[in-house]
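S.K.: give me coordinates for this.
(chains A, B, C and D)
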Number of protein chains: 2
Amino acid sequence: MTDFTDNPPGNDVPKRRRNSGGITLRDVARLAGVAPITASRALNNPSVVSDAIMQRVKDAVAQTGYVPNMLAGGLASRKSRLVAAVIPTITGNVFLEMVQSLTAALAQHGYQVMLGQSGYEDSREDELLEAIIGRRPDGVVLTGIMHSAAGRKRLLSSGIPVVETWDLAPNPIDMLIGFSHEKVGRAVAEYLHARGRRRVATLGADDDRAQRRMRSFSDAAITLGMAAPGEAAIPALVAPAPTNTGFGRTGLRELLEQHADIDAVFCSSDMVALGVLTEAQALGIAVPSQLAVIGLGDLAFARELHPALTTVRIDGALIGATAARFILDRSQDRDVGERILDIGFSIIERDSA
Amino acid sequence: MTDFTDNPPGNDVPKRRRNSGGITLRDVARLAGVAPITASRALNNPSVVSDAIMQRVKDAVAQTGYVPNMLAGGLASRKSRLVAAVIPTITGNVFLEMVQSLTAALAQHGYQVMLGQSGYEDSREDELLEAIIGRRPDGVVLTGIMHSAAGRKRLLSSGIPVVETWDLAPNPIDMLIGFSHEKVGRAVAEYLHARGRRRVATLGADDDRAQRRMRSFSDAAITLGMAAPGEAAIPALVAPAPTNTGFGRTGLRELLEQHADIDAVFCSSDMVALGVLTEAQALGIAVPSQLAVIGLGDLAFARELHPALTTVRIDGALIGATAARFILDRSQDRDVGERILDIGFSIIERDSA
DNA sequence: CTGAAAGCGCTAACAA
DNA sequence: TTGTTAGCGCTTTCAG
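M.R.: Coordinates of the predicted model:
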C-alpha cells in the first residue's frame, strides 16, 4: 500500500500525530482529488455531489477498502446509529421475536442494535443504564416499564428517545408500545369460564408483569365463581423468572397434590405450558378433557404440540418493527402522531383448551 | 442547572461552537477545579490520582450526573469497548446460551455486545461486515467459520480480533473455539448402533454445519451396516435453516411413509426432535422402543420431555465465556497461549434413545 | 502527580 | 457544487 500519512517527509515539523495507519476519509479524498468534506458528502449525501466526483470517490473507496469510522462520524454528527435494546434475558425466549424484528428493521437503515440484559432483578440496572447512555445511542428500547424513578430521570435527562414495551402505563418516559397484562388475565379467565372450566389455577413467574396477569386472572376467576368455595384466591404457584419447562412439570404435580379438582391451568409462558402438557401426559391426564392448558407467547412450537397449545399471542415482531419506526422517525425529527400504542393480544384457540 | 458553556458571555468572540449542551468531562473538570485530563485520569485510572482530587472529581460527577461519552473516548483511545456478535438468527435458539454468556462476561469489564444477524444465507454478509468494522469493535465473534475469501480478507485487514466459533477449521482468521461436526455425526451413529438400531435416518437443516453432521452420520451409519441393503445413503430429509418443530412432525411422517422400518432419527436440533417426539406420540409410535430420537443443543426443555430427550450437548456458555476472555486478553495485549480450542461435545443419554 | 497541547476521524457551519 | 475552518468530547504525548 501507498504511504498515506499526512506528514510531508519534511524536517522541522513539530510532529506529534499518532495516526493509526488505518485508511481514513482523508486518504480517500486525497486519492480522489477532493476535499475530505466532499468525500464525506459523496458517501452520505450522494445527491448533492456531481456525478464525476461521485465516481472518483467511489473508485477511491474501492481501491483503498475504506470503511467509515462510525465512532468519529457519530461524535461529529451526534448520530450514533446505534439503538440499545434491553431485555431481561435473552434465554427467556419470549422477547426474541421483538429483538429479531427490531434488529432487522434497523439494519435496513444502517442502524445496529446493542444488547443489554437486565436480569429480572433491578440490581444491575444502573450500571446498564450508564453503559447505554455512554454510547449515546439514537434510541433505547426497554422491555417493560422503567419503574425506578432514578432510571426514569436518568433516561429522560439524557434526551435519548426511549420506547418502553410489553406493558401499558399512564406516564411513559417517552414512547410506549404494549398491552394490558390485566386484560390478558381477565380474558383468559373468561375464555376458560366460557368453556366450562370451574377450578382454575396458575403457574407464574415472579416478575411484575406475570404477577399482574395472574392476579387479574385470579380476580376474574373468583368473580366468575371458579374458585373453590370459601377461597379468596385461586391456587397459584410462583417461580423465579424466567420460568421454564421444568417448572411446568413440577408445578402441575404440586398443584394437583393440593387441589385434585383443578381443571385448567394458565401458564406464564409456552415453555411452562410445554412442561404442564408433558407432565399431564406422563400422569395419564387427558388434555383438554380433564385439564385445560393455556400458555403465553405463542412460540413457534406451540401449534405443533399434541394437543396443539392454546396460548396468548403477543405480536413481538410488531413491537420490534414499530419501535424501530418510532426511533427512526424521531432521529429524523419526523415527529408524527401518537407515540403510545396498545397493540393488544389475542388468545389463539387450539386444542389444549 | 448552571451554565456550562465555554463561551465567556463576552462580545467579540469569533464564536462558532456547536456544543450540544450536554455535560462533558470539561464541565466536570471545571467544577472540580482541575484540568480535563486529570478528571479523565480520575475516572479511568484512579491509581495515578491523588485522593483529594479523586474525591473532588467524584463529587463533581455526582453533582452533574456526568456520563462519559464512549464515542469520543473510543475515538481518542482506539478502544471502543464494543464487541460484535454475529449469529445466523436470534430466533434459532441454539446460540442463545453463547450470546448470553458472552454478553454477561463482557459486561463485567465494561464491554457491550452489538448484535448482528447474518441469516443463514451469505447474501447480506458484506453489508453486515461493513457495519461491524465501521464501529471499530474491539472484537468480533462469528458463529461458524467465515468462508468467503472476501470476508476473511476484510476482517483480517481490519486488524480486529476475530473469534470464529461452533466449528473447526485448519486456518481460522484469528482465534477459534469450536468442535467437529463430523465427529458429532459419527459419534451419534455409533451411539445408535451400539444400542441396537439398524435403520437410521436424519432430519436436518440445509446449512453447512448441519449438512456435514448429517453426512458424516450417514457415512458412519453405512459403514456400520445401518442402511437398507443396496442403499448408498441413509434416508435424510432437509429443510431450510433454522429448522423447527413443525419440520420434526412433518419430517417424521414423510420419513416413515417412505421407509417404514426406520428405528432411529437424528435431528438437527432439539426443536426438531420435539416435533418428532410429538408426532411419534400422535402416531402411537413408542419412543424409544420402536423409535429412537436424538436431538442437538440440549436446550432447557430437553430433559423435561417425556420421554426425556437424548441429545448432543454443546457448551454454548463455555464458548461465549471463552470468546470473551480471548478478546479481553487481546485488547490488553495479553497474548497468551494457543488461541484455537476444540471444546468438544457430549451425548447426553436420556430416555429417547 | 498534574497539566498544556495536539490530535483521533469525521461533519456542521459558513463561505465561495 | 465544492472547500475552509472549527470543532464533536475525549485521551495520548510530552513537560513540568
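
S.K.: residue A:33 and residue A:261, how far apart?
M.R.: To residue A:261, residue A:33 is 85 Å away according to CB to CB, to the nearest Å. The way it works is simple: take the backbone N, C-alpha and C, and place the C-beta from them, glycine included.

S.K.: neighbour count for those two, which is higher?
M.R.: More neighbours surround residue A:33 than the other of residue A:33 and residue A:261, with 12 against 9 (other CB atoms under 10 Å in any protein chain shown).

S.K.: residue contacts, that one?
M.R.: By CB atoms under 8 Å, 6 or more residues apart in numbering or on different chains, the residues touching residue A:33 are residue A:56.

S.K.: does stretch A:300-314 reach chain B?
M.R.: Yes. Judged by CB under 8 Å from any CB of the partner chain, stretch A:300-314 and chain B are in contact via A:300, A:301, A:303, A:304, A:305, A:306.

S.K.: moving C-terminal of the helix or strand residue A:219 falls within, what's the next helix or strand?
M.R.: In this assignment (DSSP states H and E), residue A:219 forms part of helix A:208-223. Sequence-wise, the next helix or strand downstream of helix A:208-223 (DSSP H and E) is strand A:236-239.

S.K.: remind me what that next one packs against, helices and strands.
M.R.: If you count contacts as 3 or more CB pairs under 8 Å, 6 or more residues apart in numbering or on different chains; DSSP states H and E, strand A:236-239 packs onto strand A:200-205, helix A:208-223, helix A:245-258.

S.K.: quickly compare the ones you listed and say which is most buried.
M.R.: Counting by mean count of other CB atoms under 10 Å in any protein chain shown, strand A:200-205 has the highest mean neighbour count of the helices and strands packed on strand A:236-239, with a mean of 29.

S.K.: any regions of the stretch 101-250 of chain A where pLDDT drops low?
M.R.: Per-residue confidence of the stretch 101-250 of chain A (counting by pLDDT under 70) places the weak regions at A:121-123.

S.K.: pick out the residue of it closest to chain B.
M.R.: Per CB to the nearest CB, residue A:245 is where the stretch 101-250 of chain A lies closest to chain B, at 3.9 Å.

S.K.: that residue: what's it in contact with?
M.R.: For residue A:245, the contacting residues are A:271, A:272, A:274, A:275, A:278, B:300, B:301, B:304, B:305, by CB under 8 Å, 6+ apart.

S.K.: and the angle for the helix holding residue A:219 with strand A:200-205?
M.R.: For helix A:208-223 against strand A:200-205, the angle by axes from the mean of the first three to the mean of the last three CA atoms, to 10 degrees is 170 degrees.

S.K.: contacts for helix A:208-223?
M.R.: By CB under 8 Å, 6+ apart, the surrounding residues in contact with helix A:208-223 are A:144, A:147, A:166-167, A:181-186, A:188-190, A:192-193, A:200, A:202, A:204-205, A:227, A:231-234, A:236, A:238, A:241, A:243, A:266, A:268, A:296.

S.K.: could you redo the last one with a cut-off of 6 Å?
M.R.: The contact list for helix A:208-223, computed with CB atoms under 6 Å, 6 or more residues apart in numbering or on different chains, reads A:181-182, A:184-186, A:188-189, A:200, A:202, A:204, A:233-234, A:236, A:266, A:268.

S.K.: quick one, what contacts residue A:96?
M.R.: By CB under 6 Å, 6+ apart, the contact list for residue A:96 reads B:90, B:91.

S.K.: what about it, distance to residue A:178?
M.R.: Applying CB to CB, the value for residue A:96 to residue A:178 is 17 Å.

S.K.: just residue A:313 next, same as before
M.R.: 14 Å.

S.K.: residue A:156 too?
M.R.: Using CB to CB, residue A:156 is found at 19 Å from residue A:178.

S.K.: between those two, which one's more packed in?
M.R.: Using other CB under 10 Å as the criterion, residue A:156 and residue A:178 rank with residue A:178 on top: 25 against 13.

S.K.: hey, what's the more buried one bridged with?
M.R.: Beta-bridge partners recorded for residue A:178 (DSSP bridges): residue A:342.

S.K.: quick check: it vs residue A:330, distance?
M.R.: 18 Å.

S.K.: quick revisit: which of the residues of stretch A:300-314 next to chain B has the most neighbours?
M.R.: Highest neighbour count within the residues of stretch A:300-314 next to chain B: residue A:305, with 28 neighbours (other CB under 10 Å).

S.K.: alpha carbons of stretch A:85-101, in PDB - could you do that?
M.R.: Coordinates of each C-alpha in stretch A:85-101 appear next as PDB, following Å, rounded to 0.1, in the frame of the first residue of the first chain:
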ATOM      1  CA  ALA A  85     -32.300  -3.000  23.400                       C
ATOM      2  CA  VAL A  86     -32.700  -4.100  27.000                       C
ATOM      3  CA  ILE A  87     -34.300  -7.400  27.700                       C
ATOM      4  CA  PRO A  88     -34.500  -9.300  31.000                       C
ATOM      5  CA  THR A  89     -32.500 -12.200  29.500                       C
ATOM      6  CA  ILE A  90     -32.000 -13.400  26.000                       C
ATOM      7  CA  THR A  91     -32.600 -17.000  27.000                       C
ATOM      8  CA  GLY A  92     -36.100 -16.200  28.100                       C
ATOM      9  CA  ASN A  93     -37.300 -16.800  24.500                       C
ATOM     10  CA  VAL A  94     -40.400 -14.600  24.700                       C
ATOM     11  CA  PHE A  95     -38.700 -11.500  23.600                       C
ATOM     12  CA  LEU A  96     -36.700 -12.900  20.800                       C
ATOM     13  CA  GLU A  97     -39.200 -12.100  18.100                       C
ATOM     14  CA  MET A  98     -39.100  -8.500  19.100                       C
ATOM     15  CA  VAL A  99     -35.300  -8.300  19.100                       C
ATOM     16  CA  GLN A 100     -35.200 -10.100  15.800                       C
ATOM     17  CA  SER A 101     -37.600  -7.700  14.100                       C
END
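
S.K.: do a quick rundown of the strands in chain A.
M.R.: Ranges of strands within chain A are A:82-87, A:112-117, A:139-143, A:162-165, A:175-178, A:200-205, A:236-239, A:264-267, A:292-296, A:310-313, A:340-342, A:346-348, based on DSSP state E.

S.K.: pick the most buried one from those strands.
M.R.: Highest mean neighbour count of the strands of chain A: strand A:264-267, a mean of 31 (counted as mean count of other CB under 10 Å).

S.K.: by contact count, what packs against it?
M.R.: Judged by 3 or more CB pairs under 6 Å, 6 or more residues apart in numbering or on different chains; DSSP states H and E, strand A:264-267 is in contact with strand A:200-205, strand A:292-296.

S.K.: wait, does the longest one make contact with chain B?
M.R.: If I follow you right, that is strand A:200-205. No. Using CB under 6 Å from any CB of the partner chain, strand A:200-205 stays clear of chain B, with a minimum separation of 13.5 Å.

S.K.: what does that strand rub up against?
M.R.: Under the criterion CB under 6 Å, 6+ apart, residues A:192, A:210, A:214, A:217, A:221, A:226, A:234-238, A:241, A:243, A:251, A:255, A:262, A:264-268, A:272 lie in contact with strand A:200-205.

S.K.: quick check: angle from it to helix A:245-258?
M.R.: Interaxial angle, strand A:200-205 versus helix A:245-258 (the same axes, to 10 degrees): 150 degrees.

S.K.: swap in the last one?
M.R.: Direction vectors for strand A:292-296 and helix A:245-258, defined by the same axes, to 10 degrees, enclose an angle of 150 degrees.

S.K.: which residues are contacting strand A:292-296?
M.R.: Applying CB under 6 Å, 6+ apart, the contact partners of strand A:292-296 are A:188, A:197, A:264-267, A:269-270, A:273, A:276-277, A:287, A:309-312, A:352-353.
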